[in-house]
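# My questions concern the predicted model and sequence given below.
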Amino acid sequence: MPARGPALPGSIPGTFNNSARWREVLTVDDNFLCIHGHFYQPPREDPWLGTILPEGSAAPWLNWNQRITRESYAPLARARRLDGSSRITEVMNCYEWMSFNAGPTLLHWMAQTDPDTLRLMVEADRASAKRLGHGNAMAQVYHHQILPLASQLDKELEVAWAVDDFTARFGRAPEGMWLAEAAVDTASLEVLARAGIAFTVLAPRQARAVGPLEDGALTPVDQGSLDIRRPYLVRLPSGRHISVFFYDGPLSQAVAFERLLADGGDFWRRLAGASGPGLTALATDGETYGHHFTFGEMALAYVLDQAREGRGGPRLTNFAAFLADNPPTRRVELHEPSSWSCAHGVERWRSDCGCTDGGHPGWRQTWRGPLRKALQDAKDAADQHFFQRGALCFKDPREALTRYGRVLSGLATPEAFARDHFLERLPAPEQDAAWKLLAMQQWGLASLASCAWFFDEISRIEPVNAMTYALRALELMRRTGGPDMEAPFAEALRQAPSNLPEYGDGAGVLRACALPRRETPASLTAQALWTLWAEDRLPAPGASARVAWPGVAVTVTPSAPGAGKVSIAWNLEPAPDEASYRWTPPPSDPDPARDPLSLPVTVTHPGGEESFVPRALPVNKRQALADAFARRAAQRAWDAGKAAMAVGANLVTELQEAQTTMTLAQLWAGQWTHLAWAWLNGLEIEGKRLELLKLFLGQCSGDPREREALMERVCAHALALAASDAPDWTALSLLVERARSLGLPEDWWSVQNLLWDLGLHHGAGRDFARQLGFA
C-alpha cells in the first residue's frame with residue numbers, strides 16, 4: 001500500500017481536525033473571504049552575540065524588527081475601530097479574524113522583546129479555532145529558504161524545525177504551511193506532506209493545468225482562467241497528496257500597491273464586488289498593514305468587522321476551516337519551480353533574471369549565482385563534517401539534527417535533548433563539540449535565507465548577513481576539528497561582482513563588511529568591560545559582574561582595577577572559555593580630546609595573547625556601546641534633575657506686573673523637562689506663582705525630542721497608575737489635562753490598550769477613557 005500524507009479532509013475521521021462539527025458547514029455555494037498576511041523579517045541576529053544590533057536606517061527605533069513591530073505587528077493586534085465622531089468603539093485583534101503566518105525567527109525575537117503582541121497572536125489563533133474548528137495561524141518554513149533550491153536535508157530541516165516552532169508557540173500542530181516566496185516544486189511538497197501538512201497557498205500564475213480528481217485529461221490554465229475559489233489537490237509521486245489554495249492576484253496586488261487601504265469603505269466594496277460562490281482569498285505581506293501603508297490596519301479592521309457582521313458581502317473563514325468542509329474535487333499540476341515574486345520561476349535567487357528591488361535600475365545581479373554557490377558549498381562542507389564528526393557524538397546524527405528544532409523552540413530542554421540523542425557517557429569535550437556542531441548547522445541554514453538574493457546589490461545588509469552566518473558556521477566547523485574552509489569561501493566570492501567599485505566583488509564585501517563582525521575572546525572582553533563601565537557596574541577586585549547576550553555571556557572578575565579573569569560561556573556549551581585580561585578603564589574625568597574607545601584590552605587565553613581596541617568594532621557594535629552609555633547617562637541626568645526641580649518648582653515666585661518671563665530664564669530653560677514633570681505630577685502652587693510657571697513652560701517648550709521623551713515618561717506613569725489595584729482617576733485625568741496644556745505630542749496608545757484589556761473604559765474609568773478618545 002503506498003505511503004500517504006494527510007487524508008483528504010473529511011474522508012477519514014481523525015486525519016484532519018474537524019472537532020467543531022457543531023459549527024455551520026461552509027459550502028462552495030456560499031461566499032467566503034479569507035485575508036492572509038505573511039509576516040516575516042530577514043534574520044538579523046549577530047551570530048556570535050545572538051542579538052539584533054542597532055540598525056541606523058531604522059532610527060529612531062533600534063532595529064527594523066522593532067520599528068516594523070510598532071508600525072504593523074502590534075497595531076494589527078490592537079486596531080482601532082472608530083465611530084462617526086472618530087471615537088474608539090473597539091480595539092480589534094485582527095489576527096482573530098484573518099489568516100496569518102509568521103516566521104519562526106521573527107517570533108523567537110518577538111518572544112524576547114514584545115511578548116504581548118505574540119500573546120495576542122496566540123490568543124487569536126485559539127479564538128478562531130474555537131469559532132471555526134481550525135485556527136487562523138499557519139506555519140512557515142524556518143529560515144525562509146527557497147525550498148526548490150535547497151538540498152533534501154535542508155528542505156527537511158526547514159520544515160521539521162518550523163513544525164516544532166509552531167507547535168511550541170501555538171500549542172497545536174500546524175495544518176498549513178507558507179512556503180518562502182511561495183516557491184514550490186514537487187520535492188518540497190513531498191516534504192510538507194510527509195510532515196503532516198495538509199495545504200499551502202500559491203499565486204494563481206503558478207498553476208499549469210487542472211483536471212478531474214482521479215485520472216483524466218488536464219486542461220491548461222493561466223491566471224485568468226483558473227478558478228481560484230476552491231482548493232485543488234496535488235498528487236505526489238510517493239502516493240501522498242497535499243491541497244493547494246490560490247489567492248486572488250489582482251485583488252491582492254491592489255491591497256499591496258494600489259492604495260486600496262486608503263479607505264476602509266472602498267476596500268470593503270471592492271471585496272464584496274469581487275467575491276462569489278466559494279472562497280475569495282487575499283495574500284500579501286503582513287507589513288502592508290501599517291508599515292507600508294500607515295493606518296492600514298484600521299482599514300483592515302473595518303473590512304473584518306463588515307464581514308464578521310454579515311453586512312452584505314462575503315463571510316470570514318480561514319483556509320483550514322474551508323478545506324475541512326470543501327475537500328478538493330479537482331487536481332492541479334504546477335509550474336515547477338515557481339514562486340509568487342519572480343516571473344522566471346526561482347531565478348531571482350540564483351541568477352541575473354531581471355527581477356529585483358532596491359532602486360537602482362541600471363545595476364546588475366550577476367553576483368547572485370556566485371553568492372549562492374559560495375554559500376551552498378560552505379553549507380555542503382558543513383553537512384559533510386556534521387555527519388562525520390557527529391558520529392562520535394550522537395546516537396543518530398540525522399535524527400539529532402532534525403529534532404534540534406525542539407531545543408530551539410523550547411519544546412525540549414537541552415538536558416532532555418542530550419539524554420535522548422547524545423551517546424551514552426559522552427565526555428564533556430565531546431558534549432561541547434556536539435552543541436557546536438548543531439549551532440554550525442543552525443547558522444549554515446540561516447545563511448541561505450531568501451532575502452540575501454532578493455535585492456539589487458551584494459553589499460546590502462541581507463547578503464552581508466548571509467556571509468556572516470556562513471563565517472560563523474565555518475568557524476564552528478574548524479573548532480570541532482573540521483577543515484578550514486574560509487579561504488575557499490572567500491575565493492568563491494571573488495566571482496560575485498559588486499555594483500560598487502569600493503568593494504569590487506563579494507570577497508571585498510566579505511573583507512570590509514562581514515569579517516569585522518567576528519568575535520574573539522579579546523573583542524568580547526572589550527565589549528563586556530566597556531558595557532560594565534558605561535552602566536556603572538564595574539565590580540571591585542574580588543567581585544564579579546556579568547554581561548549577557550542571548551548567544552554568549554561574559555563574566556568579569558577583577559583582581560586589580562585594570563586586570564583580572566574573564567569567563568566566556570557560549571549558549572548551550574557546557575564549558576566556558578577562561579582567560580585573563582589587562583586594560584586601562586576610561587578615567588573618571590576624561591579628556592575630551594582622547595577617544596575612550598581607543599584604550600586597548602589585552603586578553604591572554606589558551607590560544608595566545610591578543611590585544612583589541614574597541615574602536616575596531618563594526619559600527620553597530622560601537623553603537624550598542626554608545627547606547628549603553630547614553631541610557632545610563634540620561635538616567636543619571638534625569639534622576640538628578642528631577643530631584644533638583646522637586647525643590648526648584650516650589651521656589652518659583654509670583655508673576656509680577658509687566659513680567660514676560662522668568663528671571664534668569666536661560667538657566668531655568670535647561671530644567672524645562674524636570675519643571676514640566678513636577679507640574680504634570682500634581683505640583684500644587686496657586687495664584688501668580690502658577691501663572692509664572694505656566695507662562696514659562698509655554699515659552700520654553702523644549703526640543704521636540706525632549707518633548708517626545710517626556711511624553712514617553714508620562715505614558716509610562718499613566719500606565720502604572722491605571723494598572724494599580726485602585727486607580728486614581730482624578731490624578732490620571734489631571735495628568736492628561738496638563739500634558740495637553742503643555743502641547744506634548746500625544747500618544748496614549750498603550751494606555752488605551754490597557755483600558756480596553758481590563759475593561760476599564762466602562763464603569764469608574766469611563767470618564768477617563770472618554771478623555772483618551774473612547775466613545
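Arrived safely.
# Compute the first-to-last residue distance for stretch 360-379.
31 Å (C-alpha to C-alpha, to the nearest Å).
# buried sites along that stretch?
Buried residues in stretch 360-379, counted by 16 or more other C-beta atoms under 10 Å: 363, 365, 367-372, 374-376, 378-379. C-beta: built from backbone N, CA, C; applies to glycine.
# Where does residue 91 sit: helix, strand or coil?
Using DSSP: H, G, I helix; E, B strand; the rest coil, the three-state assignment for residue 91 comes out as strand.
# what about the closest residue to it other than its chain neighbours, distance to residue 517?
Nearest residue to residue 91 in three dimensions, chain neighbours excluded: residue 756, at 4.1 Å (C-beta to C-beta, 6 or more residues apart in numbering). Residue 756 sits 43 Å away from residue 517, going by C-beta to C-beta, to the nearest Å.
# If you count surrounding residues, which of the two has more?
Comparing residue 756 with residue 517 by other C-beta atoms under 10 Å, the one with more neighbours is residue 517, at 22 against 18.
# I figured the more buried one was touching residue 618, is that so?
Yes - contact between residue 517 and residue 618 holds when scored by C-beta atoms under 8 Å: they sit 5.4 Å apart.
# and residue 658, what element?
Using DSSP states H and E, residue 658 is not contained in any helix or strand.
# Please work out how many residues are found near it.
By other C-beta under 10 Å, the residues close to residue 658 number 5.
# Could you tell me the model confidence score at it?
In this model, residue 658 is scored at 85, pLDDT.
# wait, what's in contact with it?
Listed by C-beta atoms under 8 Å, 6 or more residues apart in numbering, the contact set of residue 658 is empty.
# separation between it and residue 699?
Residue 658 sits 16 Å away from residue 699, taking C-beta to C-beta as the criterion.
# circling back to that earlier point, from what I can see, the residue nearest to residue 91 looks like it's in a strand, true?
No - secondary structure of residue 756, determined by three-state DSSP: helix, with no strand assignment.
# Can you give me the distance of it to residue 276?
Distance, residue 756 to residue 276, by C-beta to C-beta: 36 Å.
# next one: residue 330
Taking C-beta to C-beta, one finds residue 330 at 17 Å from residue 276.
# The protein - how does it break down into domains?
Segmentation of the chain into domains, based on automatic domain parsing, reads 31-42+59-334, 367-517, 521-617, 623-771.
# okay if I get the ones you listed as a markdown table plus distance to residue 354?
A markdown table is the format used below for the domains of the chain (distance: least, C-beta to C-beta, whole Å):
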| stretch | distance to residue 354 |
| --- | --- |
| domain 31-42+59-334 | 16 |
| domain 367-517 | 11 |
| domain 521-617 | 38 |
| domain 623-771 | 36 |
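# Ok, which of those domains comes nearest residue 49?
Closest approach to residue 49 among the domains of the chain is made by domain 521-617 (4.1 Å; C-beta to C-beta).
# starting at the chain centroid, how far to the closest one?
With C-alpha atoms, centre = their mean, to the nearest Å as the basis, domain 521-617 stands 30 Å off its chain's centre.
# Likewise for stretch 373-384?
Per C-alpha atoms, centre = their mean, the displacement of stretch 373-384 from the mean C-alpha position of its chain is 27 Å.
# Give the rounded mean pLDDT of that stretch.
Mean pLDDT, computed over stretch 373-384, is 99.
# Over to stretch 89-103?
Confidence over stretch 89-103 (mean pLDDT, whole number) is 99.
# now the end-to-end length of it.
Start-to-end span of stretch 89-103 (C-alpha to C-alpha) is 32 Å.
# how about it: buried residues?
Neighbour-count burial for stretch 89-103, counted by 16+ other C-beta under 10 Å, picks out 91-103.
# Show me the residues you listed that map onto strands.
Among these, the members found in strands (DSSP state E) are 91, 92, 99, 100, 101, 102.
# In terms of secondary structure, what does the longest helix along the chain contact?
Using DSSP state H to define each element, the chain has its longest helix at helix 619-648. Applying 3 or more C-beta pairs under 8 Å, 6 or more residues apart in numbering; DSSP states H and E, one finds that helix 619-648 makes contact with helix 521-534, helix 672-680.
# who wins for proximity to residue 85 among those helices?
Closest to residue 85 of the helices and strands packed on helix 619-648 is helix 672-680 (C-beta to C-beta; 27.6 Å).
# which residues are contacting the next helix or strand after that closest one?
Downstream of helix 672-680, the first helix or strand assigned by DSSP H and E is helix 687-699. Where contact means C-beta under 8 Å, 6+ apart, the residues beyond helix 687-699 that reach it are 649, 652-656, 659-662, 665, 668, 672, 675-676, 679, 683, 685, 741-743.
# ok, 7 Å please
Outside helix 687-699, the residues that touch it by C-beta atoms under 7 Å, 6 or more residues apart in numbering are 652-655, 661-662, 665, 668, 675-676, 679, 685, 742.
# Could you give me the buried positions within that helix?
Those would be 689, 690, 692, 693, 694, 696, 697, for helix 687-699 by 16+ other C-beta under 10 Å.
# Against residue 540, how distant is the first one?
Computed as C-beta to C-beta, the residue 689 to residue 540 distance reads 47 Å.
# What of the last one?
Applying C-beta to C-beta, the value for residue 697 to residue 540 is 43 Å.
# sorry, back to before: quick one: work out the angle between the longest helix of the chain and helix 521-534.
10 degrees (axes from the mean of the first three to the mean of the last three C-alpha atoms, to 10 degrees).
# Restrict stretch 287-304 to CA atoms and write it as PDB.
Provided in PDB are the C-alpha atoms of stretch 287-304 (Å, rounded to 0.1, in the frame of the first residue of the first chain):
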ATOM      1  CA  GLU A 287       3.700  44.500   6.800                       C
ATOM      2  CA  THR A 288       1.400  46.100   4.200                       C
ATOM      3  CA  TYR A 289      -1.000  46.900   7.100                       C
ATOM      4  CA  GLY A 290       0.700  49.800   9.000                       C
ATOM      5  CA  HIS A 291       4.300  49.700   7.800                       C
ATOM      6  CA  HIS A 292       3.900  50.000   4.100                       C
ATOM      7  CA  PHE A 293       0.600  51.900   4.400                       C
ATOM      8  CA  THR A 294       0.200  54.000   7.600                       C
ATOM      9  CA  PHE A 295      -3.000  53.100   9.500                       C
ATOM     10  CA  GLY A 296      -3.700  50.300   7.000                       C
ATOM     11  CA  GLU A 297      -4.600  48.100  10.000                       C
ATOM     12  CA  MET A 298      -7.600  50.400  10.600                       C
ATOM     13  CA  ALA A 299      -8.900  49.900   7.000                       C
ATOM     14  CA  LEU A 300      -8.400  46.100   7.500                       C
ATOM     15  CA  ALA A 301     -10.300  46.300  10.800                       C
ATOM     16  CA  TYR A 302     -13.200  48.000   9.100                       C
ATOM     17  CA  VAL A 303     -13.400  45.300   6.500                       C
ATOM     18  CA  LEU A 304     -13.100  42.500   9.000                       C
END
